[in-house]
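Peer 1: when you get a sec, could you give me coordinates for this:
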Amino acid sequence: TWGIAKVAIRFFSKAGKKGKKSLVIRPANKLQAPKLNQEAKKAIEDVFKENRDLFKSPLFADEQINPLNLRPQEMYRLMDSSLQGFFMKRDYTLPNFNFLLQILSEKKEADSALAVWEKMKAMEIKPNEMTYVQMVTVLARAQRVEDAERFFAEAKARFGVSTPLYTSLILAYARKRKPDEALAVFREMRDQGLAPNVVCYTTLISAFKNVGNFDKCWELYTECMAGGATGEPDSIFYTLMMKICSYTHNAEKAKVLYGHLDNMPVLENCIPYNALIKALGSRESYAGEAIEVFNRMISLKVIPDSDSYVAVLKACAKIGDVKTAYNVLHYMRQQGLQPNVYIFNGLLRTYAGACASKDVALDVKEQYVKDAWSLFRQMQDEYKLPVNVNILNSLLLVHTKSFKVADVEGMVLPLYEKYGIALDQFTYEHLVDLYHAKRDFGPVFRLNDQLIAAGLTPSFNTLSNVLESAMRIANTDKIVEALQAFRKIGRQPKNIHLKRLGEGANMPDRVYLELMQFENKYGIIADKVYRTEKPNKYSPA
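Peer 2: Model prediction:
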């Protein structure tokens, strides 16, 4: 079996589905394939025939798949890119060499591309600008920046500047996580009188996404939408922005972005759906909608990939939707996909989400805890998957949400030492949350001290629990330490905590001075005159 509880078939949480309006998902027959040249179309159709079994889906046995509606990148990766195999049915012409370099670019095979370059020289086939663009692109995707710069400089000297050439170099810095260098190339391109297109903006935004500078991503998005780019934004551009929404938990904006895909050339694949599911699933209040999108995608015969399953399991974890998690495993079995570490992590977190629900009976929670252990053993014994800190943290979360203190201390925590895995900030977050919920404040403070001693940065949730614990026992020293820790991570405490402290009676000067450092102020902190008396049961001594 797949380790899912038998009770999962009978039970699933209804949380997260109240009052939510269903998204209108475009029928698959309205999606259009992108333009491809004749050589690419023929190559895709040939490789599809040779690998037909790879594209069969038991989910949709009655459907006929049009290979031209599949992602070209997926097809290119299946093609024979050896010199002998590729040219067995093709002439040694410049367009065919450029096409081969494009395929090698998708495979990130830089050494093979350099060998093709040498073959062209030996055959005295002169490269054109597109040849150089493909060479810079494949080197960029292989993160060989110096080689990419060399080919860029040579192309610039031979053919002059062009937007595709500059975009390929921007990609090199983006893949190497050097967004400032990518931005400098972008500005140089505009200084040369070249107008950036949507592909150029997409590449540059991706560079800042890779380093987590999401504010810059939205700044560039606004610039592009305001007419900074030539051409209209495409589905790849909007899909990238939806992915960024998943990092910033901006589900509302993701829904607006998805609306731009109407009547736009989009492939019949799951990539845009995955991005939307991730964004919606990043928020508990939208997790139900994320699951709706996944189910709707299945009903429209759009074949999910492993990323689709990981994304929907994250949504399941938010609301403890065990039924959908069970269906995910059923779909994966039908497709012949093996569950990976991310799938098992999502399943464990789904159990944790279900255990956190007040609507779940105690005997059902007990069954979920048992099944969580079954999954943990199954991933090692049957699938030979490695145990990492995320898996252990998810197993820990199942127990902390079930308030199983004895099992946490006696069974789960020893696993970190057994597998040689250090506790991270989220391990401590789960533990602090457990003891705070049980109003056992001594371990809360000890764990926070251990976290800091280990050189880790406490999370916002950890500090919130530490601060509230200190407020409940009116410990001024701990309150001050917690407030200082919030400033170190560049965050403000929850407004409810600032309000309770600000309206407290007999506030110590040290607490007053710390509260004055935050933007949001309440009670006497908001007054121009320092008043010392205002009763509140959360007042520090």
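Peer 1: quick one: contacts for Val145?
Peer 2: Residues in contact with Val145 (Cβ atoms under 8 Å, 6 or more residues apart in numbering) are 139, 172-173, 176, 178. Bear in mind the C-beta positions are built from the backbone N, C-alpha and C, glycine included.
Peer 1: where does the chain dip in pLDDT?
Peer 2: Within the chain, the stretches with pLDDT under 70 are 1-74, 263, 265-268, 528-541.
Peer 1: change it to 50
Peer 2: 1-35, 62, 68, 532-541 (pLDDT under 50).
Peer 1: which one's the longest helix in it?
Peer 2: Criterion DSSP state H: the longest helix present in the chain is helix 362-381.
Peer 1: check which helices and strands it sits against.
Peer 2: With contacts defined as 3 or more Cβ pairs under 8 Å, 6 or more residues apart in numbering; DSSP states H and E, helix 362-381 has these neighbours: helix 341-356, helix 389-401.
Peer 1: next, format those as TSV and append mean neighbour count and distance to Tyr331.
Peer 2: Shown next, in TSV, are these (neighbours: other Cβ atoms under 10 Å; distance: least, Cβ to Cβ, whole Å):
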stretch	mean neighbour count	distance to Tyr331
helix 341-356	25	11
helix 389-401	24	21
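Peer 1: can you redo these as a markdown table with distance to Leu78?
Peer 2: Output for those, formatted as a markdown table (distance: least, Cβ to Cβ, whole Å):
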| stretch | distance to Leu78 |
| --- | --- |
| helix 341-356 | 24 |
| helix 389-401 | 31 |
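Peer 1: off-centre distance for the longest helix of the chain?
Peer 2: Relative to the chain's own centre, helix 362-381 is displaced by 26 Å; criterion: Cα atoms, centre = their mean, to the nearest Å.
Peer 1: CA atoms of it as PDB?
Peer 2: Provided in PDB are the C-alpha atoms of helix 362-381 (Å, rounded to 0.1, in the frame of the first residue of the first chain):
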ATOM      1  CA  LEU A 362      -8.800  11.900  18.800                       C
ATOM      2  CA  ASP A 363      -9.000   8.300  17.500                       C
ATOM      3  CA  VAL A 364      -8.600   9.600  13.900                       C
ATOM      4  CA  LYS A 365      -5.500  11.700  15.000                       C
ATOM      5  CA  GLU A 366      -4.000   8.600  16.500                       C
ATOM      6  CA  GLN A 367      -4.500   6.800  13.200                       C
ATOM      7  CA  TYR A 368      -2.800   9.700  11.400                       C
ATOM      8  CA  VAL A 369       0.200   9.500  13.700                       C
ATOM      9  CA  LYS A 370       0.600   5.800  13.100                       C
ATOM     10  CA  ASP A 371       0.400   6.300   9.300                       C
ATOM     11  CA  ALA A 372       2.900   9.100   9.500                       C
ATOM     12  CA  TRP A 373       5.400   6.600  11.000                       C
ATOM     13  CA  SER A 374       4.400   4.100   8.200                       C
ATOM     14  CA  LEU A 375       5.200   6.700   5.600                       C
ATOM     15  CA  PHE A 376       8.500   7.400   7.300                       C
ATOM     16  CA  ARG A 377       9.500   3.800   7.100                       C
ATOM     17  CA  GLN A 378       8.100   3.200   3.700                       C
ATOM     18  CA  MET A 379      10.100   6.100   2.100                       C
ATOM     19  CA  GLN A 380      13.300   4.400   3.400                       C
ATOM     20  CA  ASP A 381      12.600   0.700   3.000                       C
END
